[in-house]
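S.K.: Task: produce atomic coordinates for the following.
(chains A and B)
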Amino acid sequence: MQTHKYDTVIVGAGGAGMRAALESSKRSRTAVLTKLYPTRSHTGAAQGGMCAALANVEEDNWEWHTFDTVKGGDYLTDQDAAEIMCKEAIDAVLDLEKMGLPFSRTPEGRIDQRRFGGHTRDHGKAAVRRSCYAADRTGHMILQTLFQNCVKQNVEFYNEFYVLDLLLAEDEAGNKTTSGVVAYELATGEIHVFQAKSVIFATGGFGKVFKTTSNAHTLTGDGMGIAWRRGLPLEDMEFYQFHPTGLAGLGILLTEGARGEGGILRNADGERFMERYAPTIKDLAPRDIVARSMVLEVLEGRGAGPNKDYVYLDLTHLPAEQIEEKLPDITEFARTYLGVEPTTELVPVYPTAHYAMGGIPTNVEAEVLSDNTTVVPGLYAAGEVACVSVHGSNRLGTNSLLDINVFGRRAGIAAAEYATSHDFVELPEAPEATVVEMIERLRDSAGTERVGAIRAEMQETMDANAGVYRTEETLKQALSDIKGLQKRYLDVSIQDKGKRYNTDLLEAIELGFLLDLAEVLVVGAQNRKESRGGHAREDFQARDDENYMKHTMAYREVDAKGEHSIRLGYKPVVVTRYQPMERKY
Amino acid sequence: MTAVVEETAPGKGHGATAAERDHTLITITLRIRRFNPETDAEPYWQDFKVEADPTERILTAMMKIKAEQDGSLTFRRSCAHGICGSDAMRINGRNRLACKTLVKDLDMAKPITVEAIKGLKLEKDLVVDMDPFMQAYKDVMPFLITSGNEPTRERLQSPEDRERFDDTTKCILCAACTTSCPVFWSDGQYFGPAAIVNAHRFIFDSRDEGAEERLEILNEKEGVWRCRTTFNCTEACPRGIEVTKAIQEVKRALIFRRV
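M.R.: Numbering: from 1, shown residues only, chains lettered A, B, ... in the order given. As a prediction, the model looks like this:
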């Protein structure tokens, strides 16, 4: 075992982690721990853009952006947080440009902007050009630019270090303070304890609970899972976004920017069905509405293909040069993976599990909360792992790239300031014990269950029973399946008993986190008897502001026998300017 | 949203399949170069038979082997659609991303060979030490260098100037190009194509003022002049970057801008 000491430790090197590192490493001694190499992070898969009311191509202002974000989130968005994000968006984009990000340009040489789902002028009057982009690889450019600047600034990375535990000191009254993290080094199998005054979690989402997902194989919710097991709550986990345009059957993302450039969704009859569901902005309605509409088209028999189980994205009316210039990557995805030529053929698409609106609760300073109001000193979270909540029950397209930049920056500054004004907290005795126990149990297990089988069954049931539409019945099924799988997981064994690059072991550990989070998602979904944003119940189709305009707070309870259960509480939504209205587009 | 669903089983919508694709499973053989330094003195070949849909990715077949046959099979992977650059491998003797190589595009009747990329230290199975590769990247100063006061708004750049270096912005640092280069195989000190691509990305960016410095670095003994223009790198690039052309442009910049 090795022990390290840093002022600030950042867990995760995607957009949020690296944006935080650029700030914290200027102010405090910082280490960034990532289970990948930084440029492998899934920020790089984001395509369409990052919205900010630059007003480079038409009139716009951050207040309109705030309104869209609140309405897009189906009024579960904390409005103070959304306002901060949309205000700071403008500098966030300009900062990236100054760092070298090669945005696509207008003829005058300014950052170009395009339309995106749910982003409108003057409170919903028409679609607005707000998304700043670099072709359809904006996330790639953000990730590269942030990494380039980390290289420039000599940020210290620990690559392929899997953080598996969070160290919290507890006083007699039960108040928690951050003292560090425990990591597993992939190359050697060695355990490393990192003592730190402040820790930032920037570990991303947990899309791998689903089978059909745009998420990377590595998005296993480790950060959320670690916090959960350490007794911290998770907020709004039932709100999961299904991106409308995944390549059918594969889930690979095709940007909403395709519709921003003029692409149209059609059913088997060739009908532009979004005209029925969102008469004003049609195909550019927010993702929850488009995804639900697509599923309804299929359920009502208007799906395309031999099994009538998808719809089409139509780009064929757009000039081929525009497609090649503005959407080169997704065009290639369609060609490579489906053998479809998007300039002349319709592309089969269907919703794909994409983004967790919920996560570790934080305030607008990115400080982690242990209940509705209590801050855990020294602990921060930013990006998809966190729930600020700027996205409410449904995130607008491009607002995730914005979120990681705005709140990544805030987390980096706040964590470094905390670190420079506080002392180290003593590490607990045998800080590595939990991780060592977890690893040894898996490595020495003689059980007969296989990781791959349990993972596949979890993903199947989540797709079938906790997808775009849910009912009491399907959720009950999902919960009973997950509980069964959690039991079987105790009997899981691995084949690779070695120390070096033991990905067999790590996949088993990741599966444990996924099973925990799948349960929290389903329990939250069962409890919320309404439809709002990314949570649609067939048996409760209306939004119910009277009973449910509040955040879900899930707590992990452990009884005297060591059995765990989930307790649900609520947290009020912060409402400043906008009273909830019916959501029409 | 007020539409009502009738009679159809709820919640079954998610997870469709693209049915135009031929889903007939066939049995393929992956002949994988294995090596575990904890137990093996030398690398060796091992055959795995696996059921695969011809439109499936080689990565999917490998994950199936790991899940169902041999959990110790070790390789890096993340996004699985050619964006993260984790899974560059030598498949049937050519550097490619396992997630962008479909079974049907290879000869399915013969064993498909899969081995680690060459020229970097083999760590285990398909995993190599990426640190020397990343160091070469860092050595070319892959970041925007400017002087003077920062503008309040964005720096202006015409679409033409932006287009000038577009091709080299696509790099995902997968190392497929560098580890396909015979010069790099014989001399690990050579910066390699990927580092030059990333230098190119800044040298030809109209906003950047660090071109002279970078060109100086690439003018060194282990710099661009080691390139023998074999085009392996261009063929290997999963992002379709014209790597050899970029290297030629850097050479030309060295000849004509200076001296």
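S.K.: CA only for contacts and neighbour counts going forward, please
M.R.: Noted.
S.K.: ok, residue A:516 - contacts?
M.R.: residue A:225 (Cα atoms under 8 Å, 6 or more residues apart in numbering or on different chains).
S.K.: How about the one 10 residues further on?
M.R.: With contact taken as Cα under 8 Å, 6+ apart, residue A:526 is in contact with A:471, A:472, A:475, A:476.
S.K.: Return, as residue ranges, the portions of chain B with sub-threshold pLDDT.
M.R.: B:1-22, B:258-259 (pLDDT under 70).
S.K.: Could you export the contacts of residue A:526 as TSV, including neighbour count?
M.R.: What follows is the contacts of residue A:526, written out as TSV (neighbours: other Cα atoms under 10 Å in any protein chain shown):
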residue	neighbour count
A:471	20
A:472	17
A:475	26
A:476	17
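S.K.: Show me which residues of the stretch 101-250 of chain B are close to chain A?
M.R.: Neighbours of chain A within the stretch 101-250 of chain B, by Cα under 8 Å from any Cα of the partner chain: B:102, B:124, B:138, B:141-144, B:150, B:153-159, B:162, B:169, B:172-173.
S.K.: Which among those count as buried?
M.R.: B:102, B:124, B:138, B:141-144, B:153-154, B:156-159, B:162, B:169, B:172-173 (16 or more other Cα atoms under 10 Å in any protein chain shown).
S.K.: In helices, which of those fall?
M.R.: Using DSSP state H, the members of those that fall in helices are B:138, B:159, B:162.
S.K.: now the first one, nearest residue through space, not along the chain?
M.R.: The shortest distance from residue B:138 to any residue other than its chain neighbours is 6.8 Å, reached at residue A:151 (Cα to Cα, 6 or more residues apart in numbering or on different chains).
S.K.: Ramachandran coordinates for the residue nearest the centre of chain A?
M.R.: The residue lying closest to the centre of chain A (Cα atoms, centre = their mean) is residue A:384, at 3.5 Å. Reported as degrees, to the nearest 10, the phi and psi values for residue A:384 are phi -60, psi -30.
S.K.: Which residues are in contact with it?
M.R.: A:202, A:203, A:204, A:205, A:355, A:356, A:357, A:358, A:359, A:400, A:404 are the contacts of residue A:384 under Cα under 8 Å, 6+ apart.
S.K.: Please name the nearest non-neighbouring residue to residue 51.
M.R.: This is for chain A. residue A:131 (4.1 Å).
S.K.: that answer is for a different chain, and I need it for chain B
M.R.: In space, residue B:51 is closest to residue B:27, 4.5 Å off (Cα to Cα, 6+ apart).
S.K.: Could I get the buried residue list for the helix or strand hosting that neighbour?
M.R.: Taking DSSP states H and E as the definition, residue B:27 sits inside strand B:26-34. By neighbour count on 16+ other Cα under 10 Å, the buried set for strand B:26-34 is B:28, B:29, B:30, B:31, B:32, B:33, B:34.
S.K.: Spell out which residues sit in contact with the fifth one, please.
M.R.: Contacts were defined as Cα under 8 Å, 6+ apart; by that measure residue B:32 touches B:45, B:46, B:47, B:48, B:113, B:114, B:115.
S.K.: Grab the longest helix from the chain for me.
M.R.: No chain specified, so I'll use chain A. helix A:503-527.
S.K.: Hmm, no, I was thinking of chain B.
M.R.: Per DSSP H, chain B has its longest helix at helix B:243-257.
S.K.: Go ahead and measure how far that one is from the middle of the chain.
M.R.: 22 Å (Cα atoms, centre = their mean, to the nearest Å).
S.K.: all helices for chain B, in order.
M.R.: Using DSSP H, helices in chain B cover B:58-68, B:131-139, B:159-164, B:182-186, B:193-203, B:211-218, B:232-236, B:243-257.
S.K.: Pick the most deeply packed of the ones you listed.
M.R.: Compared across those, helix B:193-203 shows the largest average neighbour count, a mean of 27 (mean count of other Cα atoms under 10 Å in any protein chain shown).
S.K.: what's that one packed up against?
M.R.: helix B:131-139, helix B:211-218, helix B:243-257 (3 or more Cα pairs under 8 Å, 6 or more residues apart in numbering or on different chains; DSSP states H and E).
S.K.: And the spatially most central residue of chain B, how far from residue B:195?
M.R.: The residue lying closest to the centre of chain B (Cα atoms, centre = their mean) is residue B:174, at 3.0 Å. The gap separating residue B:174 from residue B:195 is 11 Å, by Cα to Cα, to the nearest Å.
S.K.: show me the contacts for residue 60.
M.R.: By default, I'm working from chain A. Residue A:60 touches A:53, A:54, A:121, A:122, A:128, A:130, counting by Cα under 8 Å, 6+ apart.
S.K.: actually it's chain B I care about, not the one you picked
M.R.: residue B:99 are the contacts of residue B:60 under Cα under 8 Å, 6+ apart.
S.K.: farthest pair in the contacts of residue A:60?
M.R.: A:54 and A:122 (14.7 Å; Cα to Cα).
S.K.: the more surrounded of those two?
M.R.: Taking neighbours as other Cα atoms under 10 Å in any protein chain shown, residue A:54 and residue A:122 compare with residue A:54 leading, 24 against 17.
S.K.: Skipping adjacent residues, who's closest to the more buried one in space?
M.R.: residue A:90 (6.0 Å).
S.K.: What's the local residue count around the one you found?
M.R.: 21.
S.K.: quick one, what contacts residue A:391?
M.R.: Residue A:391 touches A:69, A:70, A:72, A:73, A:76, A:77, A:78, A:82, A:357, A:399, counting by Cα under 8 Å, 6+ apart.
S.K.: now the residue lying closest to residue B:126 once chain neighbours are set aside: how far from residue A:15?
M.R.: Spatial nearest neighbour of residue B:126, chain neighbours left out: residue B:116 (4.3 Å); criterion: Cα to Cα, 6+ apart. Going from residue B:116 to residue A:15 by Cα to Cα gives 29 Å.
S.K.: wait, residue A:250 sits on residue A:211?
M.R.: No - using Cα atoms under 8 Å, residue A:250 makes no contact with residue A:211, being 9.1 Å away.
S.K.: Which one's more surrounded, those two?
M.R.: Between residue A:250 and residue A:211, residue A:211 has the larger neighbour count (other Cα under 10 Å), namely 25 against 21.
S.K.: Might you report the residue contacts of the more buried one?
M.R.: So residue A:211 contacts A:456, A:459, A:460, A:462, A:463, B:15 (Cα under 8 Å, 6+ apart).
S.K.: Pull out the buried residues from those.
M.R.: A:456, A:459, A:460, A:462, A:463, B:15.
S.K.: Surely the fourth one is within a strand?
M.R.: Looking back up the chat, that one is residue A:462. No - the assignment for residue A:462, made by DSSP: H, G, I helix; E, B strand; the rest coil, is helix rather than a strand.
S.K.: That one: what's it in contact with?
M.R.: A:209, A:210, A:211, A:478, A:518.
S.K.: Going by distance to chain B, which of those residues wins?
M.R.: residue A:211 (7.4 Å; Cα to the nearest Cα).
S.K.: how's chain A carved up into domains?
M.R.: In terms of domains, chain A is parsed into A:245-351, A:433-542 (source: automatic domain parsing).
S.K.: before we move on, what about chain B?
M.R.: If you go by automatic domain parsing, chain B breaks into B:26-128, B:131-145+B:161-257.
S.K.: and residue B:39, how many neighbours?
M.R.: 8.
S.K.: Kindly apply the preceding question to residue A:26 instead.
M.R.: So residue A:26, with other Cα under 10 Å, has 15 neighbours.
S.K.: Give me the three-state assignment for it.
M.R.: Of the three states, residue A:26 takes helix according to three-state DSSP.
S.K.: Up against chain B, what does the stretch 351-500 of chain A have?
M.R.: Within the stretch 351-500 of chain A, the positions lying close to chain B (Cα under 8 Å from any Cα) are A:351-352, A:450-453, A:463-471, A:474, A:494-496, A:498, A:500.
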